[in-house]
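*Asks:* Got a sequence here, can you build the structure:
(4 chains)
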2 protein chains.
Amino acid sequence: MSDAAAGNPAPPPPSPWERERPARPQTAPQRTPLSRERIVEAAFTVLDRQGLDGLSMRQVAAELGVTVSALYAYVSSKDDLLELMYTRLFDGFTMPAPDPERWREQIRDYAHAGRKRLLSHRDVARISMAHVPFTAELLPHVEGLLAIFRTAGLPDRIAAEAGDLISTYIDGFVLEEGMWQDRAAARPDDGDSSLARPDWREMAGEMQNYFASLPPADFPHLRALADVMVSDSSDERFDIGLEIILRGLASYLPDKAPDA
Amino acid sequence: MSDAAAGNPAPPPPSPWERERPARPQTAPQRTPLSRERIVEAAFTVLDRQGLDGLSMRQVAAELGVTVSALYAYVSSKDDLLELMYTRLFDGFTMPAPDPERWREQIRDYAHAGRKRLLSHRDVARISMAHVPFTAELLPHVEGLLAIFRTAGLPDRIAAEAGDLISTYIDGFVLEEGMWQDRAAARPDDGDSSLARPDWREMAGEMQNYFASLPPADFPHLRALADVMVSDSSDERFDIGLEIILRGLASYLPDKAPDA
DNA sequence: CTCACCCAAAGAACGCTGTTCATCAAGATA
DNA sequence: TATCTTGATGAACAGCGTTCTTTGGGTGAG
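*Replies:* Next comes the predicted model:
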């Protein structure tokens, strides 16, 4: 560097004793200058590949080809990053204008969209469960839900609770769904042929065998329900639970009789 | 140590250069020989003092005056310990014989007991949320729940889902409850005068102010419901949500009309 | 009484975590 | 050309779950 004044066009090869230059040029394409968005994106990549337990700041940094400490210039903590991921899930998600005639369908749509969102990335239900959607960006969603319930005619105290209730239901259901998937994926059965294929059908068979093995005198109802519990798909089970809640809410409507 | 052959009755004072003997006699009262039960007990002590995030194997070991590695002779992993803690919550918890005339009260009792159990130790709802109650010790509880629903007359597919639904509701509600408490306790407001007193009333006031500060045009329903959301106690809110679910379930009973 | 054994616990170590800090190269500004 | 800013680096710290080897005291056999 000291002879730069000479201005010779061909730089000499690096002297053997000077520490090999960090080889910035390798990373030098300098993809993009790093940003909150890029960090969140990388975090989702790591999440899908390694799950929430494998999501570490170091892994995210590695995914970006960057050091850990660099992340902390854009994200104040891991919790901050998780919150960013959580709110990003709601991007492009708008609540419909409340239609009193169709409030049930509107809630059904909301629930289905919510479940789809939680299934869009691995372990996202666990992240969602750890957050209350009362940040500024998410308040419009809460407002939208309350709008549907209130204009449908539900009493205030019921409407106030209804939002929490179905949100909790969605999160809880998908969380449990994910736990079964993990359990199925972690079965030491077929060696490393586990191509991330949970093999739902085989799992169901094992469950059914297990239920059938229970002492009939002690577990009559569990045995009686084994068939239906195992034969219903996740989607069907989700809709059943959702419908129970909707019927409960409908029973508070002043006017019409709460029949299906 | 090398002149032990002399056999002199009075042991010499410890030579200054040999590392002070670990002073086992200090710990030597040897309280009790360490066991799974004692480890779980200590874990709950640490949990109540430091929360789930502060619950580490090392802290549990310290609580028992013992090294970390000693724990692993009784507990195979931290997850194992957490599962032990989870199932211990159900100790002395028995399901009532199903009474078709009183199924609603029975479920209400179950829910209240469940919430009380989750509130009995800090952060326990988070532990509960991470477990499916399908271990051998807990199956009787599931069976008991299904028994109540089935003998009440609910269709099988509804009964099968009902257990999950109310369990998820209880866990989710208390989880959220705990998150608000944590948020209130972490408020940097009054310095270190935080004697673990969440000061619920003050928190509610802040919430109400926040809602009132929202632009009326964008958040009419949130503003309208601020009063009721904040004035209702946790117990009332819990009962409201529970009642919504119960009404929904009741709507599937074949015979009687599903009025309150 | 002495020796061998056994086993519960100790202690050190490994690789990982979230977070902070001093450093540094390169670009922009004066 | 000299200074300042900026975005990233690499080392470090304390703590984590887990495993491995060592050890010391109590017990039973000869």
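*Asks:* Now A:Pro215. Its backbone dihedrals?
*Replies:* Per-residue torsions, A:Pro215: phi -60, psi 120 (degrees, to the nearest 10).
*Asks:* distance of it from DNA strand C?
*Replies:* 33 Å (Cβ to the nearest atom of the strand, to the nearest Å). To be clear about C-beta, it is placed using only N, CA and C from the backbone, and glycine gets the same treatment.
*Asks:* What is the neighbour count of that residue?
*Replies:* Counted by other Cβ atoms under 10 Å in any protein chain shown, the residues lying close to A:Pro215 total 8.
*Asks:* Likewise for A:Pro33?
*Replies:* Neighbour number of A:Pro33 under other Cβ under 10 Å is 6.
*Asks:* One more: A:Ala111?
*Replies:* Neighbourhood size, A:Ala111 [other Cβ under 10 Å]: 21.
*Asks:* ok, it - contacts?
*Replies:* By Cβ atoms under 8 Å, 6 or more residues apart in numbering or on different chains, the residues touching A:Ala111 are A:166, A:169-170, A:238, A:242.
*Asks:* Now the buried members of those residues.
*Replies:* Buried subset of these (neighbour count, 16 or more other Cβ atoms under 10 Å in any protein chain shown): A:166, A:169-170, A:238, A:242.
*Asks:* As CSV, the contacts of A:Ala111 with distance to B:Arg104 would be great.
*Replies:* Converted to CSV, those look like this (distance: Cβ to Cβ, whole Å):
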residue, distance to B:Arg104
A:Ile166, 21
A:Tyr169, 20
A:Ile170, 25
A:Phe238, 24
A:Leu242, 21
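*Asks:* what's the farthest-apart pair in those residues?
*Replies:* With Cβ to Cβ as the measure, no two of those lie farther apart than A:Ile166 and A:Phe238, at 11.5 Å.
*Asks:* Spit out the contact partners of A:Asp156.
*Replies:* Taking Cβ under 8 Å, 6+ apart as the criterion, A:Asp156 is in contact with A:150, B:224-225, B:228.
*Asks:* Just give me the closest of these to A:Val66.
*Replies:* B:Leu225 (44.7 Å).
*Asks:* The closest one touches A:Leu146, doesn't it?
*Replies:* Yes: counting by Cβ atoms under 8 Å, A:Leu146 is a contact partner of B:Leu225 at 6.1 Å.
*Asks:* Common neighbours of the two, please.
*Replies:* A:159-160.
*Asks:* so which residue of the stretch 101-250 of chain A comes closest to chain B?
*Replies:* Residue of the stretch 101-250 of chain A nearest chain B, by Cβ to the nearest Cβ: A:Gly248 (3.0 Å).
*Asks:* which SSE is that residue in?
*Replies:* Applying DSSP states H and E as the criterion places A:Gly248 in helix A:234-250.
*Asks:* quick revisit: now for the residue of the stretch 101-250 of chain A closest to chain B, how many residues are close by?
*Replies:* Per other Cβ under 10 Å, the neighbour tally for A:Gly248 reads 25.
*Asks:* which ones are touching the closest residue to it other than its chain neighbours?
*Replies:* Nearest residue to A:Gly248, sequence neighbours excluded (Cβ to Cβ, 6 or more residues apart in numbering or on different chains): B:Gly248, at 3.0 Å. With contact set as Cβ under 8 Å, 6+ apart, B:Gly248 has these partners: A:243-249, A:251.
*Asks:* Many thanks, have a good one.
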